[in-house]
Structure formats: structure tokens, C-alpha cells
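>>> with the input below, show me the fold.
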Amino acid sequence: MRFYSGAWGEAYEMDPDRAADSLLAQAVQGVDFPKTVRQAYEDGVRIFLEMGPGGSCTRMIHKILDGVPFQARSISSATQDEPSTVLRALGMLIAERVPVDLAQLYPGSSPVEDKSGPVIRIPVGQASFGRMPLTPQSDGFSEAPDEGHRPSKGPFPVPPPLDAEIVSLELSEAVRAAETTIQAHEAFLRTAQRTQELAEGEYARQQELIRALTVGGTAVAPPPSRTIAMDRDQLMEFATGSIGRALGERFAHVDEHPTRVRLPDEPLMLVDRVTNIEAEPQSMTSGRIVTEHDVLEGGWYLDGGRLPTCVAVEAGQADLLLSGYLGIDSETQGLAVYRLLDAVITFHSELPHPGEVIQYDIRILRFFRQGDTWL
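As a prediction, this is how the structure comes out:
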């Protein structure tokens, strides 16, 4: 197996020291993905498989190697189900004459074991009803019976007795079969009843969540002496309305793009105000923004009277606002969307409770590109 360093852009012999050097170089210098892909192609690599998630690397490889023969495919596409994506990738490999072992995917059927054991023989249809007398057939038409001479009434012939043991066995088998059917039906009814109860409980919980989301809580008013750079109404305009109206005319052209960075709509819009912005608009350089979130009394997200960790982290959403303020939408032209790749969270105190205000001091140091992706 050949290993490539994303920082050096070339293959290297794998050992602990060289691997450590490669990781250090990658951390310090970053990844030169185009150089690495081109070097792999020069080394004879013609098929590139991306393990996912997504297909970002596959799309970059198609642009890097545009005009030369190769195959690149992701086995974790966002637009296809995973089994179908894996099968398509395997089909591509087979078509390119790459040996593929499908034994794990399509194992052969296991041979049926010949288990010999006691045999119970049940006679069926062997009850003795005796021999029925044969009525001679007439060669011609039968004459009408003489109304004056009717057959005398007498005792009807009694059929010979049935074999009691065989009849009892057949009846017991039928009873057991009926009991099995009844038991299976009762089990089905119990399962259906349990499923119905679970569905009703889930529906009730969903209704409670909906009521909690729509009712909300009581906002904590900021002290009147605090400097406000953007209030809640301006932030909602940025989130759901026009960026031109929220940030000014120099951003109006962004409203024509198919997408842009936004804050989320209610109830997940957790930025209550911006107290400070230190950045040059549309500069794509560094910047700083300070925001606040009020922990609401009776808020929908409270857990045990505290702000949950996930919401405390999510409330630091204004990196979206700062990215847009610094001009990222003018670079992407609305053809890229935001994604948080990683975060390191440090807790300096216990989780906040209602009545407290959380302050977020968010800074962007620089932007850089990896292929068509801005980081």
C-alpha cells in the first residue's frame, strides 16, 4: 500500500517517525490537495475512491484532473442511499477490471443440515366407513313409481362404527392447530395494541414540544446603558429577510444570490443582540463580534432549570453573521453553504439558569481556500 502526505504532496515510506513528520507538516503548512492528487496521477493512480462523508474530494479531483482519463467516486453520497452508492462504486471497479471480492456482500447459501430424529406418523383419511353397496345402473329409462305401492317404512341401515382411535387423533390435531392459530392472533393483537399506545405517546410528546416552541419564554431586557450595535429586529431581518436592509446597501447585491449565510429562524435564533462589531465590511480579512443571549424564564430549551450544553454552544451563532459581514457571500456567489467542521468547548462555570445573560466573543483570524472551499 502506498501512502501520500497531504502536506508534502508525495508518497513516502511509512514508519512512526515519517508519519509524525507528515502530520506535523500538515498541521503547520496545511494540505496541498491539488499537488497530492497530481503526484498520485503521475505515479499511475487512475482510480480514486472517497470514503466520505459526502463527495467534496471527488468534486475537487474532477476539477484538478480535468481533461485526463481517470475515475473518481464517493461511496457516501448525500443524494443517494448508502447501499446503492456502495453498489455503484463496486460496479465501477468491476467495469475498470479491478478485482472485487463480493463474498462478504453476497455470501453463498448455507447447506441444509440433514437432521434425523423421531418421526411421528399421523394417518389421514383412513377412517373405515365400510363398503358402500353398489346400485345397479339401468340400461333404459326408469318407470314412474306406482303411486299405489309405496315402499314400506322401516329402519334405515346403520353404517359400521368408526375407528374411535383414528377419529380422536384427527380431532386432537385439529384442536391443536386451532389453538395455535388463536394464540398467534392474540399475540398479534397484543403487539398492535402496544404499537398503538407507543404511537399515541409519541404524538403527545410531539404536541408538548410544539406547544413549548410556540409559547416561548419571557425575554430578559438588557440594561439601558448597554451599547447595541444590532438589536433583535435587525438580527431577524438578517436571518429571514434582506441582508441589504440589515447591513446596508453595500450588501444589497447579496440578496440576488440563490443562498447566503444566515442566522436561523425562530425558535432556533438564539442571538438576542450584538454589542460590538470590529471588522471592515467586505474585506475578507479578520474581524470580531460580541453577542449576547438571554436565558429565558420558561424557555422551551430549559432542562432541569438550566440551559443545556447543546443550546449553550448553538447560541454562539454569530460567526455566521461575522462571515457575511466580512464578505464571504461576495466570494461564493451563493454557490456554497456554511458547515461547522470542529469546535473545542471550555466550560468556565456551571450551566446558566433563567435570568442570566451569556456573552459570546467571536473572532475570525483569516480566510483561506482549499480548492473551491473557503475555510
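>>> pLDDT of the helix or strand that contains Gly91, averaged?
Using DSSP states H and E, Gly91 sits within helix 82-95. The average of the pLDDT scores along helix 82-95 is 87.
>>> list the buried residues in it.
By neighbour count, with 16 or more other Cβ atoms under 10 Å as the criterion, the buried positions of helix 82-95 are 85, 89-90, 92-93. No exception for glycine: its C-beta is placed from N, CA and C like everyone else's.
>>> mind putting those into TSV with distance to Leu326?
Putting the buried residues of helix 82-95 into TSV (distance: Cβ to Cβ, whole Å) gives the following:
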residue	distance to Leu326
Thr85	36
Ala89	39
Leu90	44
Met92	41
Leu93	44
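>>> out of those residues, who's nearest Glu278?
Minimum distance to Glu278 across these is 45.0 Å, recorded for Thr85 (Cβ to Cβ).
>>> hmm, back to that, what's the most distant pair in the buried residues of helix 82-95?
Greatest spatial distance in the buried residues of helix 82-95: Thr85 and Leu93, 13.0 Å, computed using Cβ to Cβ.
>>> I'd like to know how many residues surround Ile75.
In terms of burial, Ile75 registers 19 neighbours under the definition other Cβ atoms under 10 Å.
>>> same thing with Gly287?
By the other Cβ under 10 Å criterion, the neighbourhood of Gly287 contains 20 residues.
>>> and Ala204, by the same measure?
Using other Cβ under 10 Å, the number of residues around Ala204 comes to 10.
>>> check which element follows the strand or helix carrying it along the chain.
Under the criterion of DSSP H and E, Ala204 resides in helix 164-215. Past helix 164-215, heading to the C-terminal end, the next element that is a helix or strand (DSSP H and E) is helix 232-240.
>>> can you read off the pLDDT for Val258?
Slight slip there: residue 258 is Pro, not Val. As predicted, Pro258 sits at a pLDDT of 93.
>>> try Pro123
Model confidence at Pro123, given as pLDDT, is 68.
>>> for Thr285, same thing?
Looking at Thr285, its pLDDT stands at 93.
>>> swap in Leu263?
94.
>>> identify the residues contacting it.
Residues in contact with Leu263 (Cβ atoms under 8 Å, 6 or more residues apart in numbering) are 235, 238-239, 269, 271, 317-318, 320-321.
>>> hmm, 10 Å instead?
235-240, 246, 269-271, 317-318, 320-321, 324 (Cβ atoms under 10 Å, 6 or more residues apart in numbering).
>>> could you dump the helix holding Gly91 to PDB, C-alpha only?
Taking Å, rounded to 0.1, in the frame of the first residue of the first chain, the C-alpha atoms of helix 82-95 are listed here in PDB:
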ATOM      1  CA  GLU A  82     -25.600   4.200   1.100                       C
ATOM      2  CA  PRO A  83     -26.300   0.700  -0.200                       C
ATOM      3  CA  SER A  84     -26.900   2.000  -3.700                       C
ATOM      4  CA  THR A  85     -23.800   4.200  -3.600                       C
ATOM      5  CA  VAL A  86     -21.600   1.300  -2.500                       C
ATOM      6  CA  LEU A  87     -23.000  -1.000  -5.200                       C
ATOM      7  CA  ARG A  88     -22.400   1.700  -7.800                       C
ATOM      8  CA  ALA A  89     -18.800   2.100  -6.700                       C
ATOM      9  CA  LEU A  90     -18.300  -1.700  -6.800                       C
ATOM     10  CA  GLY A  91     -19.800  -1.800 -10.300                       C
ATOM     11  CA  MET A  92     -17.400   0.900 -11.400                       C
ATOM     12  CA  LEU A  93     -14.400  -1.000 -10.100                       C
ATOM     13  CA  ILE A  94     -15.600  -4.200 -11.800                       C
ATOM     14  CA  ALA A  95     -16.000  -2.300 -15.000                       C
END
